[in-house]
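[1] Here is my input, please return the structure:
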Amino acid sequence: MTAEARTRERTRRDVAAPAVLGAIVAGATAYVALVDPNSPGHYLTCPLLLLTGLECPGCGALRATHDLAHLDLAGAWSMNPLWVVLAPTLVLMWGWWMARAWTGRPVRPLPVPVAWVGLGVLVVFGVLRNVPALSGWLGPAA
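    Residues are numbered from 1 along each chain as shown. Purely as a prediction, here's the structure:
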C-alpha cells in the first residue's frame, strides 16, 4: 500500500466518527421536528422535574429543538434560551471536527478550563431557571 493510499484510508477512518454522529443527530432532529414534543405522550418527562419539580438545564430543549427546526426562534427562546445559544455552537464545533478529520489534522480535546466553564454555565443556568423571579424568562413556557 502506498503512502497516499494509507493517508486516504486514515482520512476515511477519521471522518467516520463525526459523520456517524452527524447522521444520528440529523435523524434525531428530523424526528423531533416531525413529532411535536408539545403534544403529550410522545416523549418521556424529565426525571428531575418529575421527582423534584425542579427544571434541569435541559428542560424544554426538545420543544426548543422542534421550534428551531420550524424556524421559530422566539418560541425556542421561550423554551430554553441556553439551548438556543448552545445548539448552533455545537453545530459549529461539529463542523470544525469534520473539517479537521477530513484534512487529516489531529483533533485535540478541549482544554480542561473550558470544560469547567461549560459545566459552571450549566449549573448556574440550572439554578437561575428555578428562581421564581427568573423562571418566566429562563424556564420553559408551560
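
[2] Could you pull out the helices in the chain for me?
    Along the chain, the stretches classed as helices by DSSP state H are 3-34, 47-52, 61-69, 73-79, 81-103, 112-128, 135-138.

[3] Nearest approach to Pro40 belongs to which of those helices?
    Taking Cβ to Cβ, helix 61-69 is the member of these nearest to Pro40, at 12.1 Å. Placement of C-beta: from N, CA and C, glycine included.

[4] Point to the residue nearest the middle of this protein.
    Of all residues in the chain, the one closest to the mean position by Cα atoms, centre = their mean is Ala87, 4.7 Å from it.

[5] Report the contact partners of that residue.
    Ala64, Thr65, Leu68 (Cβ atoms under 8 Å, 6 or more residues apart in numbering).

[6] Quick check, the first one in contact with Met79.
    Which is Ala64. Yes: under the criterion of Cβ atoms under 8 Å, Ala64 is in contact with Met79, at a separation of 4.0 Å.

[7] More neighbours: which of these two?
    When neighbours are counted by other Cβ atoms under 10 Å, Ala64 comes out ahead of the other of Ala64 and Met79, with 28 against 24.

[8] What separation do you get for that one and Val85?
    Ala64 sits 10 Å away from Val85, going by Cβ to Cβ, to the nearest Å.

[9] sorry, back to before: ok, so of the contacts of Ala87, who is nearest Cys56?
    Within the set of these, Ala64 lies nearest Cys56; the separation is 13.5 Å, counting by Cβ to Cβ.

[10] Near the residue lying closest to His70 once chain neighbours are set aside, how many other residues are there?
    For His70, the nearest residue in space outside its immediate sequence neighbours is Ala33; the separation is 6.8 Å by Cβ to Cβ, 6 or more residues apart in numbering. Using other Cβ under 10 Å, Ala33 has 14 other residues around it.

[11] Val20 too?
    Per other Cβ under 10 Å, the neighbour tally for Val20 reads 10.

[12] just for this structure, where's the confidence low?
    Counting by pLDDT under 70, the chain shows low-confidence ranges at 1-11, 141-142.

[13] at 90 what do you get?
    Segments of the chain classed as low confidence (criterion: pLDDT under 90) are 1-14, 38-46, 49, 53, 100-115, 135-142.
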